[in-house]
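# Structure for the following, please:
(one chain, ligands or ions: 2)
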Amino acid sequence: MSLSSGLPSTKPAAVRHFLDLWRMEAADLRAILDDAKARKAARAGWPKGRVDADAPARDRVLAMIFEKHSTRTRFSFDAAMRQLGGDVIISTSADMQLGRGEPIEDTAKVLSRMVDAVMIRANTHEDLERLALAATVPVINGLTDRSHPCQILADLLTFEEHRGPVAGRTLAWVGDGNNVCASFIHAAGKFGFKLNIACPTVYHPDLTDLARAAEMQGRVEMTEDPREAVRGADCVITDTWVSMGDTDHDERLRAFEPYQVDTALMDLAAKDGVFLHCLPAHRGEEVVDAVIDGPRSLVWEEAENRIHAQKSVLAWCFGAI
Ligand code: CP
Ligand code: NVA
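Numbers count the residues shown, from 1 in each chain. Ligands and ions are numbered 1, 2, ... in the order given. Next up is the predicted model:
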């Protein structure tokens, strides 16, 4: 009997990382969003800790590593794993040897032997990519300096619950061309919506993402004028002007002053246009109270939908979708 006769003849299935929307198949993203809708509907009225009937994460453990602060990502992934019948281990990088310089590749190899998936909120996108390259279990992007894909799935779930299919609709991003904006650019082509981005030239999206946007031939439009971007839009979205890790606080506040989302700006959107913000919000800076607390704002449902969207991301990573 040859040494290899007992080995499987086919290659093991590729590990399903969830790193960025642009890397994903559009059909998989649509399946994830539809699964999130179905799961949410199936547990309507249930206590938040009850496990979904199919428990797709039963016997699975998710490790979460935080290099930056978080409220929504931390609690929603924890709640998501409980509702899927799994468990979590949470740590800040500062509490790990990672924070003392242990290579992220070594961390990936060790954690791959202890847990079934790893979610990381990383300071640099490169760290996320290095973790995924060395890991043998799925790695999930819980925000980096470059992107925030889980957030956009929750946002699109929220939009579709209120306004129907996002394909063919117009979304307007107002403010910083940051990590959240980047994931909206990635989503535009995958989900078939138009994205108008209004931002000061100096704070434009990353050049790689602008190149991706250019390839989408008119699906993503850039302007410096927030009014132009918002006119007739089905959804207006903004985010903080100073993201975690940004050091030019005062310059940013000055540059973004004309980009505040107030009622006058919202009045230019479609009559039934809605408002989204990933939170945390800085009231009086990127958005005024009258908008974020107003009738068009969906921000609290958007925050809750982090749980529902991420449950389906996890189910996809575990091969259950
Ligand atoms: N929107 C979001 O990711 O929130 P946290 O920073 O609180 O996780
Ligand atoms: N752009 C923000 C998003 C926070 C959820 C940041 O990176 O700080």
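# Let me know the pLDDT of Ser4.
We have a pLDDT of 44 for Ser4.
# in the stretch 51-200 of the chain, which spans are helices?
Along the stretch 51-200 of the chain, counting by DSSP state H, counting those that start in this stretch, helices occupy 72-83, 104-112, 125-134, 149-163, 179-191.
# okay, the ones you listed in CSV with mean pLDDT next?
Converted to CSV, those look like this (pLDDT from 0 to 100):
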stretch, mean pLDDT
helix 72-83, 98
helix 104-112, 98
helix 125-134, 98
helix 149-163, 98
helix 179-191, 97
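# Specify the stretch among those that is closest to ligand 2.
Within the helices of the stretch 51-200 of the chain, the stretch nearest ligand 2 is helix 179-191; the backing value is 5.1 Å (C-beta to the nearest ligand atom). Where you see a C-beta, it was placed from the backbone N, CA and C, and this is true even at glycine.
# Could you see whether ligand 1 lies near the closest one?
No - using C-beta under 6 Å from any ligand atom, helix 179-191 stays clear of ligand 1, coming no nearer than 7.9 Å.
# And that helix, what does it pack against?
Contacts defined by 3 or more C-beta pairs under 8 Å, 6 or more residues apart in numbering; DSSP states H and E place helix 179-191 against helix 26-42, helix 149-163, strand 170-174, strand 194-198, helix 207-215.
# Out of these, which is the most enclosed?
Greatest average neighbour count among the helices and strands packed on helix 179-191 goes to strand 170-174 (a mean of 26), per mean count of other C-beta atoms under 10 Å.
# circling back to that earlier point, can you list the helices of the stretch 51-200 of the chain in TSV and add distance to Leu207?
Formatted as TSV, the helices of the stretch 51-200 of the chain follow (distance: least, C-beta to C-beta, whole Å):
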stretch	distance to Leu207
helix 72-83	26
helix 104-112	25
helix 125-134	14
helix 149-163	19
helix 179-191	11
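# For Val51, find the nearest of those.
Val51 lies closest, by C-beta to C-beta, to one member of the helices of the stretch 51-200 of the chain: helix 72-83, at 6.3 Å.
# buried stuff in that closest one?
Across helix 72-83, burial judged by 16 or more other C-beta atoms under 10 Å covers Arg72, Thr73, Arg74, Ser76, Phe77, Asp78, Ala79, Ala80, Met81, Arg82, Gln83.
# can you check stretch 245-258 too?
Buried residues in stretch 245-258 (16+ other C-beta under 10 Å): Arg252, Ala255, Phe256.
# In helices, which of these fall?
Judged by DSSP state H, the buried residues of stretch 245-258 include Arg252, Ala255, Phe256 as members of helices.
# Closest to ligand 2 out of these?
Using C-beta to the nearest ligand atom, those come closest to ligand 2 at Arg252, 11.6 Å.
# Could you report the neighbour count for the residue in the stretch 201-321 of the chain positioned nearest to ligand 1?
Per C-beta to the nearest ligand atom, Cys278 is where the stretch 201-321 of the chain lies closest to ligand 1, at 3.8 Å. Here the number of neighbours of Cys278 (other C-beta atoms under 10 Å) works out to 25.
# so how far is Met119 from it?
Distance, Cys278 to Met119, using C-beta to C-beta, to the nearest Å: 17 Å.
# Could you check the pLDDT of the closest residue to Arg169 other than its chain neighbours?
Counting by C-beta to C-beta, 6 or more residues apart in numbering, Arg169 lies nearest to Asp234, which is 4.4 Å off, once chain neighbours are set aside. Confidence at Asp234, expressed as pLDDT, is 98.
# Tell me the backbone dihedrals of Asp234, please.
The phi/psi pair for Asp234 (degrees, to the nearest 10) reads phi -80, psi -20.
# Summarise which helices and strands the lengthiest helix in the chain is packed against.
Secondary structure of the chain per DSSP H: the longest helix is helix 299-317. Secondary-structure packing of helix 299-317 (3+ C-beta pairs under 8 Å, 6+ apart): helix 26-42, helix 72-83, strand 139-141, helix 149-163, strand 274-277.
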